[in-house]
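Asker: model this:
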Amino acid sequence: MAYKQVILGAAVAAFTFSLAACGGEAATEVEAAAVAAGPETAVVEERQANFKAIGKSFKAIRTQLEGSSPDTSAIAAAATDMNAYAMLLDDHFPEGTSVDDGYDTEALAAIWDKPDDFTDAKARLVDASAQMITLAEGGDVAAIGDQVGAVGGSCKNCHDNFRLDTDYARLSDPEPAPPTPGSLVSDPAVRVWDLPLRLTHWSFALLVPALWWSAENSEWALHKRFGVALLGLLVFRILWGFLGTRTARFSSFVKGPATIWGYLTGKVAHTIGHNPVGALSVLGLLTVMLVQVGAGLFAGDPYDGATGPLNPLVGVATADTLTQWHEWFYWVVLGFVALHLSAIALYGIFKQNDLVSAMLSGTKTVKGEVEENDRVMWLRFVLCSGVAVGLALWIANGAPPLS
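Answerer: Have a look, this model is predicted:
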């Protein structure tokens, strides 16, 4: 009958740290002596100690999943321990050691009354923990979270049929039950985007269509002013990418191919700010806008008055070439904008990740504990703004000699 006894111990211990039914013998200290002295008392204490070991392993998995960068090798090690401890429970449920027999335990007599059901429950738990080892070794963090939910489900089945309900409330009272790693409780909104970055972002969104409209309607004075404004914003964004808050800095999101591939395959976790793939969009948009503005600075025909502020610095042939570039390259800019908007829509629809609200409010509700973005260092903001405005105005005036 020992093989039937494994599942209750393993199930209750694993489920101690799951969302639906937290608590179990693993966390219960034996405060009263057993009614009957002898080897049965020691067995009950041993299974409680084993529950604690299983619970510790499960908690280690949960802690990794709640972090910003889960260590799948640590998860695999904890899952291996949990599975091994579960297999050691075979001899921990001798008949006559239920709560009905007077022991300080939550094990019901149903363990021995329904041996086939108990065996099935044990098999589910052992299989679920073994599958978790496989997933952890494969590095699939999302699948690991789902599998922890599966372990919790098998534990709940065992709890409902083979464990005393009163244990539930007793263990959950002193300490709130931790969530199942597959469905972590969301923390309050945290700072993600600083105000200067958000204002710059939405200014880009307004200036791009405004530049198109002014060109289509031959409002060249406005077009030049909008272009100079866009130049200033681009210079500011580049400077802010080095001196701004953590999520604004290029170093926080511009990564190499290995990290990008790891993110796409679920092996690299991401919490707040631009993800490694989003970084490509940011760099692409900044680049095409810089190219477009750069061409516009030299474009135009001085005989019709529609020229960029640096047009006198180049010859007619060069200006004509840059004018043609400036006209057709706008469609490249629109293409990148379309890709950007499509990605935002896909994230909202398929990943339930509202990127727009975070860029409006600056905050985002996230799962688990994450490090908030820095607060703005306003002296740096003034420095970046001053350089950006000064450079834009200097170019708007034809880049006259500084001496």
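
Asker: so residue 69 is in contact with residue 268, correct?
Answerer: Yes - the criterion here is Cβ atoms under 8 Å, and residue 69 meets it with residue 268 at 7.5 Å. Quick note: C-beta positions are derived from backbone N, CA and C, even for glycine.

Asker: looking at these two, which is more packed in?
Answerer: residue 268 (19 against 11; other Cβ atoms under 10 Å).

Asker: excluding residues flanking it in the chain, which one is nearest the more buried one?
Answerer: residue 262 (3.5 Å; Cβ to Cβ, 6 or more residues apart in numbering).

Asker: so where do the helices sit in this structure?
Answerer: 2-15, 39-66, 72-87, 110-113, 115-138, 141-162, 166-172, 195-216, 220-243, 257-264, 276-298, 316-350, 355-361, 378-396 (DSSP state H).

Asker: any buried residues in the fourth one, and which?
Answerer: Of the residues in helix 110-113, those buried under the neighbour-count criterion (16 or more other Cβ atoms under 10 Å) are 110-112.

Asker: go through those and name the one nearest residue 401.
Answerer: Nearest to residue 401 among the buried residues of helix 110-113 is residue 111, at 91.4 Å by Cβ to Cβ.

Asker: now do the same for the closest one: its pLDDT.
Answerer: pLDDT, residue 111: 78.

Asker: surely it meets residue 121?
Answerer: No - if you go by Cβ under 8 Å, residue 111 and residue 121 don't touch, sitting 9.5 Å apart.

Asker: could you list the low-confidence segments of the chain?
Answerer: Scanning the chain for pLDDT under 70 picks out the ranges 1-39, 68, 89-90, 152-159, 164-188, 304-305, 367-369.

Asker: go again with 90.
Answerer: In the predicted model of the chain, residues 1-190, 258-259, 261-272, 300-306, 347-348, 350-354, 364-374, 401-403 satisfy pLDDT under 90.

Asker: work out which residue lies at the spatial centre of it.
Answerer: Closest to where the C-alpha atoms of the chain average out (Cα atoms, centre = their mean) is residue 271, at 3.1 Å.

Asker: residue 142 versus that one, what's the distance?
Answerer: Per Cβ to Cβ, to the nearest Å, residue 271 is found 14 Å from residue 142.

Asker: next one: residue 108
Answerer: Between residue 108 and residue 142 the computed distance is 36 Å (Cβ to Cβ).

Asker: between these two, which is the more surrounded one?
Answerer: In this view residue 108 and residue 142 are compared by other Cβ under 10 Å, and residue 108 has more residues nearby, 18 against 12.

Asker: next up, phi/psi of that one, please.
Answerer: Phi and psi for residue 108, reported as degrees, to the nearest 10, are phi -90, psi 160.

Asker: against residue 92, how distant is it?
Answerer: 15 Å.

Asker: for residue 146, same thing?
Answerer: Noted for residue 146: a distance of 29 Å to residue 92, by Cβ to Cβ.

Asker: between the two, which is the more surrounded one?
Answerer: With neighbours defined as other Cβ under 10 Å, residue 146 and residue 92 compare such that residue 92 has more, 23 against 14.

Asker: isn't the more buried one up against residue 45?
Answerer: No - applying Cβ under 8 Å as the test, residue 92 and residue 45 come out as separate, 9.6 Å apart.

Asker: in contact with residue 81, which residues?
Answerer: Neighbour list for residue 81: 53, 57 [criterion: Cβ atoms under 8 Å, 6 or more residues apart in numbering].

Asker: what sits against residue 133?
Answerer: Neighbours of residue 133 in contact, by Cβ under 8 Å, 6+ apart: 76, 79-80, 83.

Asker: kindly indicate the member of these with the most neighbours.
Answerer: Compared across these, residue 79 has the highest neighbour count, 29 neighbours, by other Cβ under 10 Å.

Asker: between the contacts of residue 133, which sits nearest residue 306?
Answerer: Using Cβ to Cβ, residue 76 comes nearest to residue 306 of those, at 65.1 Å.

Asker: now that closest one. Nearest residue, chain neighbours left out?
Answerer: With Cβ to Cβ, 6+ apart as the criterion, residue 76 has its nearest non-adjacent residue at 3.6 Å, and that residue is residue 136.

Asker: how about residue 133?
Answerer: Spatially, and ignoring its direct neighbours in sequence, residue 133 is nearest to residue 79 (4.5 Å; Cβ to Cβ, 6+ apart).

Asker: now do residue 387
Answerer: Closest to residue 387 by Cβ to Cβ, 6+ apart is residue 239, at 6.2 Å.

Asker: circling back: and the residue nearest to the centre of the chain, how far is that from residue 364?
Answerer: Distance, residue 271 to residue 364, using Cβ to Cβ: 9 Å.

Asker: what of residue 373?
Answerer: 10 Å.

Asker: so for the two, which residues contact both of them?
Answerer: Any residue near both residue 373 and residue 364 by Cβ under 8 Å, 6+ apart counts here, and that gives 190, 192, 272.

Asker: so which of the residues you listed sit within strands?
Answerer: Secondary structure assignment by DSSP state E places residue 190 of those in strands.

Asker: now the shared contacts of residue 373 and residue 364 as JSON lines including neighbour count?
Answerer: Converted to JSON lines, the shared contacts of residue 373 and residue 364 look like this (neighbours: other Cβ atoms under 10 Å):
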{"residue": "190", "neighbour count": "18"}
{"residue": "192", "neighbour count": "25"}
{"residue": "272", "neighbour count": "21"}
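
Asker: what's the closest of the shared contacts of residue 373 and residue 364 to residue 391?
Answerer: Of all the shared contacts of residue 373 and residue 364, residue 192 has the smallest distance to residue 391: 28.6 Å, by Cβ to Cβ.
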